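[1] Here is the input, now give the coordinates:
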Amino acid sequence: MKLLNVEVVLNRQKDIQQAEPERDILEERDDSTTSYVILSHRWGVEITYEEMIGLMTLEDRKRDEVWNRYGYQKIMKGCEQAKEDGYKWLWIDTCCIDKRSSAELSEAINAMYRWYQNAQVCYAYLNDVGESVFPTEWDNSKFGLSNGWPEWFMRGWTLQELIAPEQVEFFNKDWVYIGNKQRLAPTLQDITGIPRDVLTHGLAGKRLSVAQIMSWAARRVTTREEDRAYSLMGLFGVHMPMLYGEGKNAFRRLQLEIVKETGDHSIFAWRTRMPRTGSVLAEDPRDFLGCGYIRKVEHDDFGDKLVKYIEEKKLNKPWHFDLLGRSRSRAHQRKLIALRDAARSQQFHTFTVSNTGIQVFLPVIPDPESPSHFRAILACGYGGGLDTIDLVSSGTSLDRIANMHTTFTTYPEFKTLHLTHHQDVNEKRRKFTLDDKHVSHHGFTRCGTYPREFKGSAVTLSSLTDDLIVIVYANNDARSSFAVGLGYYRGQGWVHVVYDECFPAQEADGTNFGSRAYDRVWEARAKHAQSMPKHEPAHHNDHFTKHAHLPRSIWAARVVWGRWEMDDFKVMVDVEQCPGCCDGPCRWTTTDSDCSDIGVPWLMKTVQGPYSLRLDGWEAYFDKCSGQRVALGDYGDDSDGVLTRTGNIFEDMRTLGIDSEDTTSPPVVSRVSGWELQMLDMPNQDNVAVAHSAIEDRYLALRQPKGITLPADDSTVLLLKALSICLVGKHLVTTVIQCSEFYEVDEDGKRSDSGDDLVSDSVGPSTEAGMLTPLCTIATPQVWQPHLACVQRRERFKSIRKHFYALVNMHQLTGTEAHRKSNRRKKAGTIKFFSDVFAFKHLRNYVYWRDNVLRNAFLSDRNRFTQ
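    Residues are numbered from 1 along each chain as shown. The predicted model follows:
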């Protein structure tokens, strides 16, 4: 190691002119035979290796700048303290490592724990402590940025710098001595969670678990993400090359090295607040927070503890017990003996790491509900118990999943397992495409997601294991909110709507409500997954709708669920008006809607016409416009593909005084192509497309065709929603085919007739002079489809009628005093019933709130006017 020569450093600073240039300020020394001190500190503006050795060659201005740096003053104070304590050599990580050399940096990091361990004294410099005594109590006012304690205790590298040296002396920012590790051990234990005997006597001879040591680093931070792993190598006695830029993979590599060296099961005993699936290895030391009391179980003791675990859990239901609670079944006892023997085998002591996973020999219990799920029992735990982890099969290896809420009943069996130790980039995952842009129509906005953030319209969840994300929506003005949970449970995708009975406090990101909603749907995820409707192959266009009334409001959250494209999902979230006469969330209902790649405004159920064409390469089907004039946006009643027109959505807009040009986008024009036939009677075939009817076996030639479709934009969707109340059950013309000429041809391309049964002209906002409209597509917007009456709604109306008649009868003055008292009680109950049903309390609070807002605005304006 390279050490600073304390005498040379101080002499050079004392008189730069008289300093001996031939004497090296840094010398290579053997750490095992040299008496030296070492500095532990929080980095600031530091001095580099090249600046330290080249200081004498710098020009005066640059040298003065270096001398005045915080880092250089720290070096000088450290040298002065070392000289005062009688030491000739000092090591500081800022200037004693040539970081320009990756080999030297890697060597230093791998040897650093040993260097601190071999130092006679470690000076711990606390640059944020001004008092002359060590801070023994938590103080967030002084150390608010470091969890109430000096920042030195929150840094990743200082963990090994506290444990490795036998002697650690603490200094405040003015280099005043404020205590040592031995005397301050009780306080240091409170700050760091490190046991007192480890602080005073080191790690040697301690039977500590990997999880326990990891827990000491759980709250610490480093500037570089990789240093979270590199700073822990010495504590576990492992070595590995430095690969800055690998990110979280460094911590995975560290754990694999620990697995090879220790075979300690507690490395799998990490826990996270939010369930995570995939690798059995932790992503970060934070995952071991709370593992400070996990103890590893020695192999000789594991058999007995496994037997105790089986007896306590009553696995395989051994019904006959003695007075001490032990089973008297001989078969049960033979099974326990066999498990004890397996626990003592050499195979149980050995871990093997390969590209297929971590090979271990563990007792596992199969899930009675799923043959691909297991619970593995580890040789570690809290107190005298054993810890467990839950696994799911994912091909050749097992992924870790969140704890299953399953009652296990069978004996554990020792099996050789291959545990996943990395996240496969090709892991089977499912994409949820979220369409929630229309919730803003009623003032709702997406205000947060939980537990992880995602933006945009797509989120990916694991399809092999449990996974869940919650999206929160709120209308703060109306004090109404709800959350939609998207999840996976044992291979089944699911979605559920949840809301609070009381409006949560206004939050910028909906985190608190999102957390509560997450907990609620996570606990019930099995029920939600089982309630999901199943897609039948024969009904691939099926979509499923759930309607959930929001308390204290006139709205309901509406979720539409669809599945296509390699088993990915599409979820549409909307808000619609609801009178409050239903209980939610209701059960799923099926709606048959198209999932065509042709852009259509929201979900449509298309009437399958006989003629096929391609619009911009996508296949579409059309009806003939026989004997009628059809325009884009026409609506009416459909009978066997024939639309009886009753109106047009664009004409309705003009009737309402709405300028369609300002509020809607222009129709989408598409290129039309069809069947390739040799057109014998058509000299210019490039401008001709042939529509084919497989049902009638007829061909229709279209000259200069073009497709015109309703735009799939927000304004069109909002228009369809606005017309949904008066146009329930109506059909809509969503696409028309226009051409300059059309006629029927046979399969050889010869003209067969003039097509007189088709309309020769058309009118409407999407037509042009001289263009004909022979074909159109008719569909029913999903928002126009009628809702079937549900049992809950009928029962609610029955209750309304009952309470209404009771309220009418209460106004009769006849009857005894007891009868009148009974009527008053019924009246109070009836008023509360109607208040809850129609949200009268909510409306009253809303009116009061609006009145106060208007009153304050009026007073503010009046004050400005008078001023």
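[2] residue boundaries of the strands in the stretch 651-800 of the chain?
    For the stretch 651-800 of the chain, the strands defined by DSSP state E, counting those that start in this stretch cover 668-670, 672-673, 688-693, 698-703, 706-709, 731-739, 741-745, 751-753, 772-781.
[3] so can I have TSV of those showing mean neighbour count?
    The way it works is simple: take the backbone N, C-alpha and C, and place the C-beta from them, glycine included. Converted to TSV, the strands of the stretch 651-800 of the chain look like this (neighbours: other CB atoms under 10 Å):
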stretch	mean neighbour count
strand 668-670	18
strand 672-673	18
strand 688-693	22
strand 698-703	22
strand 706-709	22
strand 731-739	25
strand 741-745	21
strand 751-753	13
strand 772-781	26
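[4] Let me have these in JSON lines, extended by mean pLDDT.
    Shown next, in JSON lines, are those (pLDDT from 0 to 100):
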{"stretch": "strand 668-670", "mean pLDDT": "91"}
{"stretch": "strand 672-673", "mean pLDDT": "91"}
{"stretch": "strand 688-693", "mean pLDDT": "90"}
{"stretch": "strand 698-703", "mean pLDDT": "89"}
{"stretch": "strand 706-709", "mean pLDDT": "93"}
{"stretch": "strand 731-739", "mean pLDDT": "92"}
{"stretch": "strand 741-745", "mean pLDDT": "88"}
{"stretch": "strand 751-753", "mean pLDDT": "74"}
{"stretch": "strand 772-781", "mean pLDDT": "90"}
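[5] for those strands, which one sits closest to residue 527?
    strand 772-781 (32.3 Å; CB to CB).
[6] got the angle between the closest one and strand 731-739?
    150 degrees (axes from the mean of the first three to the mean of the last three CA atoms, to 10 degrees).
[7] Quick one: neighbours of the closest residue to residue 220 other than its chain neighbours, just the number.
    Spatial nearest neighbour of residue 220, excluding adjacent residues (CB to CB, 6 or more residues apart in numbering): residue 156 at 4.5 Å. Using other CB atoms under 10 Å, the number of residues around residue 156 comes to 20.
[8] thinking again about what came up before, so for residue 381, which of the strands of the stretch 651-800 of the chain sits nearest?
    Closest among the strands of the stretch 651-800 of the chain, using CB to CB: strand 772-781, at 58.9 Å.
[9] tell me what that closest one is packed against?
    Here strand 772-781 touches strand 604-606, strand 618-624, strand 698-703, strand 731-739, strand 741-745, going by 3 or more CB pairs under 8 Å, 6 or more residues apart in numbering; DSSP states H and E.
[10] Now render these as JSON lines, adding distance to residue 396.
    Below are the helices and strands packed on strand 772-781 laid out as JSON lines (distance: least, CB to CB, whole Å):
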{"stretch": "strand 604-606", "distance to residue 396": "44"}
{"stretch": "strand 618-624", "distance to residue 396": "40"}
{"stretch": "strand 698-703", "distance to residue 396": "55"}
{"stretch": "strand 731-739", "distance to residue 396": "49"}
{"stretch": "strand 741-745", "distance to residue 396": "59"}
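[11] on that earlier part again, list just the one of the strands of the stretch 651-800 of the chain that sits closest to residue 402.
    Nearest of the strands of the stretch 651-800 of the chain (CB to CB): strand 772-781, 40.4 Å.
[12] Verify the contact between the residue nearest to residue 220 and residue 231 for me.
    Yes: using CB atoms under 8 Å, residue 156 is in contact with residue 231, at 4.3 Å.
[13] Between these two, which contacts overlap?
    Among the neighbours of residue 156, those also in contact with residue 231 (CB atoms under 8 Å, 6 or more residues apart in numbering) are 217, 222.
[14] hang on, the earlier thing: adding distance to residue 51 as columns, could you present the strands of the stretch 651-800 of the chain in CSV?
    What follows is the strands of the stretch 651-800 of the chain, written out as CSV (distance: least, CB to CB, whole Å):
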stretch, distance to residue 51
strand 668-670, 66
strand 672-673, 72
strand 688-693, 77
strand 698-703, 80
strand 706-709, 69
strand 731-739, 73
strand 741-745, 85
strand 751-753, 91
strand 772-781, 72
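[15] out of those strands, nearest to residue 331?
    Of all those, the one in closest proximity to residue 331, counting by CB to CB, is strand 772-781 (65.4 Å).
[16] Could you tell me how many residues sit around residue 331?
    10.
[17] In terms of helices and strands, where is it?
    helix 330-343 (DSSP states H and E).
[18] before we move on, back to that, contacting residues around the residue nearest to residue 220?
    Listed by CB under 8 Å, 6+ apart, the contact partners of residue 156 are 217, 220-222, 227-228, 231-232.
[19] For stretch 174-192, what is the distance to the chain centroid?
    Distance of stretch 174-192 from the chain centroid (CA atoms, centre = their mean, to the nearest Å) equals 41 Å.
[20] mind listing what the closest residue to residue 778 other than its chain neighbours touches?
    Distance criterion CB to CB, 6+ apart; nearest residue to residue 778, sequence neighbours excluded, is residue 607 at 4.5 Å. Counting by CB under 8 Å, 6+ apart, residue 607 touches 623, 638, 641, 731, 777-780.
[21] Repeat the analysis, applying 7 Å as the threshold.
    Contact analysis of residue 607 by CB atoms under 7 Å, 6 or more residues apart in numbering lists 623, 638, 641, 731, 778-779.
[22] Of all the helices and strands packed on strand 772-781, which one is nearest residue 48?
    Nearest to residue 48, of all the helices and strands packed on strand 772-781, is strand 618-624, at 62.5 Å by CB to CB.
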